[in-house]
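Enquirer: Pasting a predicted model and its sequence here:
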Amino acid sequence: MKLQEIKAILTEFGSGANKALGQHFLIDPQALEAIVGAAQVHVGDRILEIGPGLGVLSFALKNAGAEVLAIEQDRRFIPRLQVQGIQVMHGDAASLDWDEIIGNESWKFVSNLPYSITSLAIRKALYRAHPPERLVVLIQKEVAERILARGGKHSLVSLMVSFASSSIRIVKLVKPGSFFPSPKVQSAILEIIPLSSVERFEKWGVDPEHIMKIAKVGFAHPRKKVRSNLITFSFTDGDFTEAGIAEHARAEELKPEQWAKLVQIFLQKKTR
């Protein structure tokens, strides 16, 4: 969809992009092609999209043969999407029950996500009983790099994704001028291949939900030693040594494997 067409449609509505909903419409055909390509769309694929807006990505996915299921909070756009064969549920993706839309059949998650719900949406997709086959999202570049733990520093969002995926990669960087209106930051197309709930447990030896609960406490005061942050869990120096955690390590320095080992030790103690 070209810029002139987007402006014309918004003029018909009598209002522009909704800043409160983080609307930035994609106008770069190369970025659009990269998203659809990374999604590896096949005829009959069921794809959930959050915030389809004017349907730039929705129509590209549908034209590739997918059945697009969408959640849209802006009522202005819903009739236009429905006329084009997009199944739309009105509401806030953060609070809706996605199972009502997705069901138990195989699906993929592909979206140009509003920046404000990036982490929440990715978490809701990855930590389902039936996660998507593939997750491709257009998000803020800084967040994508944080998820990849660039520089070796982890965060809660990088751990959350690591524990639930077999691979993560940035497909393409997208400049601000690729959107209307242009955001103030660069974006990135992120591809994640999720693990099933069974695979998650087999890989880490413990439910990642347990790991994240303790990791959140460990990150509560980022500048403090992680040992100090976790004092309420009654870990011993020997426990940290067994998990390979240095005495003065901060939470951001711990690898996913170290968090998993620490939680295994904690759960073993509880069963004694």
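Expert: Everything's here; your move. The structure displayed is predicted, hence computed values, not measured ones.
Enquirer: Skipping its backbone neighbours, what lies nearest Cys189 in space?
Expert: For residue 189 the amino acid is Ile, not Cys. Counting by CB to CB, 6 or more residues apart in numbering, Ile189 lies nearest to Val171, which is 4.1 Å off, once chain neighbours are set aside. In short, each C-beta sits where N, CA and C put it, glycine included.
Enquirer: buried stuff in the helix or strand where the one you found lies?
Expert: Assigning secondary structure by DSSP states H and E places Val171 in strand 165-174. Applying a neighbour-count criterion of 16 or more other CB atoms under 10 Å, one finds 165, 168, 170-172, 174 buried in strand 165-174.
Enquirer: List the contacts of it.
Expert: Here strand 165-174 makes contact (CB atoms under 8 Å, 6 or more residues apart in numbering) with 28, 31, 34-35, 38, 126, 136, 138, 141, 144-145, 147-148, 161-162, 186-195, 199.
Enquirer: give me that answer again for 6 Å
Expert: Strand 165-174 is contacted by residues 31, 34, 38, 144, 148, 187-195 when judged by CB atoms under 6 Å, 6 or more residues apart in numbering.
Enquirer: Each with direction, which strands does it pair with?
Expert: Partners of strand 165-174 in the sheet, by DSSP bridges, are strand 187-194 (antiparallel).
Enquirer: From the chain's centre, how far out is the strand it pairs with? Work that out for me.
Expert: 8 Å (CA atoms, centre = their mean, to the nearest Å).
Enquirer: repeat for stretch 147-166
Expert: Centroid displacement of stretch 147-166 relative to its chain, using CA atoms, centre = their mean, is 11 Å.
Enquirer: so how far does it reach from one end to the other?
Expert: End-to-end distance for stretch 147-166, by CA to CA, to the nearest Å: 13 Å.
Enquirer: pLDDT averaged over that stretch - what is it?
Expert: Per-residue pLDDT over stretch 147-166 has a mean of 94.
Enquirer: What segments of the chain are strands?
Expert: 25-26, 46-50, 67-72, 87-90, 108-112, 135-140, 165-174, 179-180, 187-194 (DSSP state E).
Enquirer: now the ones you listed in a markdown table, with distance to Val56?
Expert: Below are these laid out as a markdown table (distance: least, CB to CB, whole Å):
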| stretch | distance to Val56 |
| --- | --- |
| strand 25-26 | 5 |
| strand 46-50 | 11 |
| strand 67-72 | 12 |
| strand 87-90 | 15 |
| strand 108-112 | 8 |
| strand 135-140 | 11 |
| strand 165-174 | 13 |
| strand 179-180 | 10 |
| strand 187-194 | 14 |
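Enquirer: Can you tell me which of those is nearest to Gln4?
Expert: Nearest of these to Gln4, taken as CB to CB: strand 179-180 at 10.1 Å.
Enquirer: Note down every partner strand of that closest one and its orientation.
Expert: Paired strands of strand 179-180, with direction, are strand 25-26 (antiparallel) (DSSP bridges).
Enquirer: Rounded mean pLDDT for the strand it pairs with, please.
Expert: For strand 25-26, mean pLDDT rounds to 94.
Enquirer: Give me the contacts around that strand.
Expert: With contacts defined as CB under 6 Å, 6+ apart, strand 25-26 is touched by 6, 32, 53-54, 56, 112, 179-180.
Enquirer: Could you pick out the buried ones from these?
Expert: Counted by 16+ other CB under 10 Å, these give 6, 32, 53-54, 56, 112, 179-180 as buried.
Enquirer: from the residues you listed, which is closest to Trp204?
Expert: Set against Trp204, the nearest of these by CB to CB is Asn112 (30.8 Å).
Enquirer: can you list the buried ones among the contacts of strand 25-26 in JSON lines and add distance to Glu105 and pLDDT?
Expert: As requested, the buried ones among the contacts of strand 25-26 are exported to JSON lines (distance: CB to CB, whole Å; pLDDT from 0 to 100):
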{"residue": "Ile6", "distance to Glu105": "33", "pLDDT": "86"}
{"residue": "Leu32", "distance to Glu105": "26", "pLDDT": "97"}
{"residue": "Gly53", "distance to Glu105": "25", "pLDDT": "93"}
{"residue": "Leu54", "distance to Glu105": "27", "pLDDT": "93"}
{"residue": "Val56", "distance to Glu105": "25", "pLDDT": "95"}
{"residue": "Asn112", "distance to Glu105": "24", "pLDDT": "97"}
{"residue": "Phe179", "distance to Glu105": "32", "pLDDT": "95"}
{"residue": "Phe180", "distance to Glu105": "35", "pLDDT": "93"}
